[in-house]
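Give me a 3D structure for the following:
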Amino acid sequence: MAANAFRCDLSVASHDELAAGTGSIALGTDLASRWHRVDGWGHLIGDLGSGAWIGARGLQVGARGLQVGAAAADGRDPAGAALRDALAARLGPPIGWPAAIYQRADRTGVLADLSRVVQDCARAGDGAAHAILRPHRVDPDGAAHHADRAVPGRPARSACPPTCLGDRPGLSSKGFVRNRRREKRRTMTLPVLTTLTAALLVWETLLLIPMVPGKLIDTRDFAPLPRWQYNGFNVFLTSLGLVSLAAAGFAMAGARWTFVAAIVLGLLYVAVFAADLGEVFPVVPDPIPVQLLVLEAISLASAGVLVVVAITGARL
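Residues are numbered from 1 along each chain as shown. Below is the predicted model of the structure:
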């Protein structure tokens with residue numbers, strides 16, 4: 001199991017996707033003729049910014065921080081001493097690190113698991129560990145920098161602030177967290193919006209039935225109206241109701257296109273009821289009956305709600 005894992009769509013418009021866990025890979029496509037892959041070459045060649053890469057960088061920084069007294073053992077960098085101590089608590093004395101890693105068949109997973117140590121040290125305020133994770137404007141070789149550059153054609157986010165990791169293991173940057181939250185919100189909200197859209201479509205159809213011109217509630221005299229207009233209007237209203245019921249069925253079946261259909265149908269309902277209430281069409285001598293007036297006002301309001309709900313669902 002990967003020590004770190006997340007998958008997110010970084011750009012809806014250009015269809016860029018990054019998957020990062022023990023390894024890392026990014027894909028970009030226009031869903032037509034252009035497909036582009038970045039990284040996914042394994043921990044020895046690539047997988048920059050992945051969990052295994054973070055763990056390996058932690059070992060490198062810890063090794064440079066080996067100390068004898070107050071001086072670095074290899075004469076390079078004492079800044080990784082705190083990270084060295086944390087890694088030593090997991091793997092044992094640093095002198096045994098090569099054997100502990102190189103001789104393991106699952107060394108990629110072991111390296112990825114060590115990324116947790118780097119994360120813990122970064123949360124505790126260790127600068128060397130934080131530099132491994134922070135965006136590239138602070139460290140040009142940081143994990144967030146490699147994650148940014150992995151997306152095909154995506155410019156580096158130089159304005160992204162240094163970011164440490166959240167409660168769950170995994171890479172972190174401002175954009176990734178936002179997309180993870182958006183995906184979670186979409187997963188939770190989409191079924192509710194689908195059900196609500198279907199219910200509103202059925203509701204509009206039920207309200208439309210008693211409002212058929214010349215029947216039940218609408219008792220106005222339509223004799224002055226040309227016959228083709230009267231018949232055409234009835235056919236239109238009947239078709240509107242039947243299409244609404246069909247769209248409601250497809251919505252409950254999970255068809256995403258029904259959100260767009262519901263927007264169109266909702267606008268048609270708004271146009272029909274607004275035209276009648278505004279005495280634009282149909283134009284007849286008789287006033288609108290009170291019952292019809294109330295029913296059309298309710299239908300107009302619910303049609304507006306339908307449009308808003310459908311637009312929200314279509315944008316997810």
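
Neighbours of Ile25, how many?
Neighbour count for Ile25, taken as other Cβ atoms under 10 Å: 18. C-beta coordinates here come from the backbone N, C-alpha and C atoms, glycine included.

ok, now how distant is the closest residue to it other than its chain neighbours from Pro226?
Residue nearest to Ile25 in three dimensions, not counting chain neighbours: Gly40, with 3.2 Å by Cβ to Cβ, 6 or more residues apart in numbering. Computed as Cβ to Cβ, to the nearest Å, the Gly40 to Pro226 distance reads 68 Å.

Compare these two (neighbour count), which wins?
A side-by-side neighbour count of Gly40 and Pro226, using other Cβ under 10 Å, places Gly40 first with 16 against 9.

For that one, give its distance to Ile54.
Between Gly40 and Ile54 the computed distance is 16 Å (Cβ to Cβ).

Gly28 too?
23 Å.

So for the two, which sits in the more crowded spot?
For Gly28 and Ile54, the more surrounded residue by other Cβ under 10 Å is Ile54, and the numbers stand at 29 against 21.

Let me know the helix or strand that Val235 is in.
In this assignment (DSSP states H and E), Val235 forms part of helix 227-252.

so what secondary structure elements neighbour that helix?
Taking 3 or more Cβ pairs under 8 Å, 6 or more residues apart in numbering; DSSP states H and E as contact, the helices and strands that helix 227-252 lies on are helix 174-208, helix 258-277.

hey, which of these is tucked in deepest?
Of all the helices and strands packed on helix 227-252, helix 258-277 carries the top mean neighbour count, a mean of 20, counting by mean count of other Cβ atoms under 10 Å.

Name the next helix or strand following that helix along the chain.
With elements assigned by DSSP H and E, the helix or strand that comes after helix 258-277 is helix 290-315.

what's that next one packed up against?
Counting by 3+ Cβ pairs under 8 Å, 6+ apart, the packing neighbours recorded for helix 290-315 are helix 174-208, helix 258-277.

So for that helix, what gets flagged as buried?
Buried residues in helix 290-315, defined by neighbour count with 16 or more other Cβ atoms under 10 Å: 292, 295-296, 299-300, 302-304, 306-307, 309-310, 313-314.

Just name the shakiest helix or strand of the chain by mean pLDDT.
Among the helices and strands of the chain, strand 71-72 carries the lowest confidence by mean pLDDT, DSSP states H and E, at a mean of 36.

what's downstream of that strand, the next helix or strand?
Remark: after strand 71-72, the chain's next helix or strand is helix 81-91, criterion DSSP H and E.

What lies in contact with that next one?
Applying Cβ atoms under 8 Å, 6 or more residues apart in numbering, the contact partners of helix 81-91 are 58-59, 61-63, 65-67, 94, 97, 100-101, 114, 117-118, 120-121, 124, 126, 128-129.

Touching the next helix or strand after it from outside, list them.
The helix or strand immediately downstream of helix 81-91 is helix 97-102, counting by DSSP H and E. Contacts of helix 97-102 with the rest of the structure, by Cβ under 8 Å, 6+ apart, involve Leu59, Ala63, Leu87, Leu91, Gly92, Arg107, Val110, Leu111.

Show me what counts as buried in helix 97-102.
In terms of neighbour count (16+ other Cβ under 10 Å), helix 97-102 has its buried residues at Trp97, Ala100, Ile101.

what about the stretch 151-300 of the chain, any weak spots by pLDDT?
Confidence mapping of the stretch 151-300 of the chain against pLDDT under 70 gives the ranges 151-187.

now with 90?
For the stretch 151-300 of the chain, applying pLDDT under 90 flags the ranges 151-191, 209-225, 230, 254-256, 279, 281-286.

For ChimeraX, write the select line for the buried members of the contacts of helix 97-102.
To isolate the buried subset of the contacts of helix 97-102 in ChimeraX, counting by 16+ other Cβ under 10 Å, use the following:
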select :59,63,87,91,107,110,111
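
Just put the contacts of helix 97-102 in a markdown table and tack on distance to Phe273.
Output for the contacts of helix 97-102, formatted as a markdown table (distance: Cβ to Cβ, whole Å):
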| residue | distance to Phe273 |
| --- | --- |
| Leu59 | 69 |
| Ala63 | 74 |
| Leu87 | 70 |
| Leu91 | 72 |
| Gly92 | 76 |
| Arg107 | 68 |
| Val110 | 66 |
| Leu111 | 64 |
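
tally of neighbours for Ala251?
27.

all helices of the stretch 1-150 of the chain, in order?
51-64, 81-91, 97-102, 107-123, 127-133, 143-150 (DSSP state H, counting those that start in this stretch).

which stretch among these comes nearest Met252?
Closest approach to Met252 among those is made by helix 143-150 (38.7 Å; Cβ to Cβ).

How much space separates Ile298 from Ser244?
In this view, Ile298 and Ser244 are 16 Å apart by Cβ to Cβ.

Leu27 - how many residues pack around it?
By other Cβ under 10 Å, the residues close to Leu27 number 17.

List the contacts of the closest residue in space to Val118 that isn't next to it in sequence.
Setting aside the residues directly before and after it, Val118 is nearest to Gly58 in space (Cβ to Cβ, 6+ apart), at 4.2 Å. When contacts are counted by Cβ under 8 Å, 6+ apart, Gly58 touches Leu83, Leu87, Leu114, Ser115, Val117, Val118, Cys121, Ala129, Ile132.
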